[in-house]
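>>> turn this into a model:
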Amino acid sequence: MEDGGTVSIDWAQPVVEPNGVVVCLFPGMGAESEFAPIKSLVQSLQNAGFEIAVMHYRGVRDKYTSH
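Numbers count the residues shown, from 1 in each chain. Sure, this is the predicted structure:
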C-alpha cells in the first residue's frame, strides 16, 4: 500500500478434489488463519471441495512477517 501498510491472504493447501468454488474467509479484527475456529472451518470447507482463502485485515500478519 502507498502508506506502507500491508494486507495478506493465506491460501489453504492442499486442495482436495476442488469443485471450482473459492471461499474467502474474513476472520474478524485481530483474528487470523491460525486461530482454532478458523482452522476448523477451513478443514470442513476443504473436505467439501472448496478452495479457501483467509483474508487478513491490514496489519494483522505484520507481527509474523516483519521479523
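>>> which residues of the chain score low on pLDDT?
1, 15-18, 29-30, 58-67 (pLDDT under 70).
>>> go with 80
For the chain, residues meeting the criterion pLDDT under 80 lie at 1, 4-7, 14-19, 28-34, 57-67.
>>> and the longest strand along it, which strands flank it?
In the chain, taking DSSP state E as the definition, the longest strand is strand 51-56. According to DSSP bridges, strand 51-56 forms sheet pairs with strand 8-11 (antiparallel), strand 22-25 (parallel).
>>> closest to the centroid, which residue in the chain?
In the chain, the C-alpha nearest the mean C-alpha coordinate belongs to residue 54, at 1.7 Å (CA atoms, centre = their mean).
>>> my guess is it meets residue 34, correct?
No: the criterion here is CB atoms under 8 Å, and residue 54 misses it with residue 34 at 9.3 Å. All C-beta spots, glycine's among them, are computed from the backbone N, C-alpha and C.
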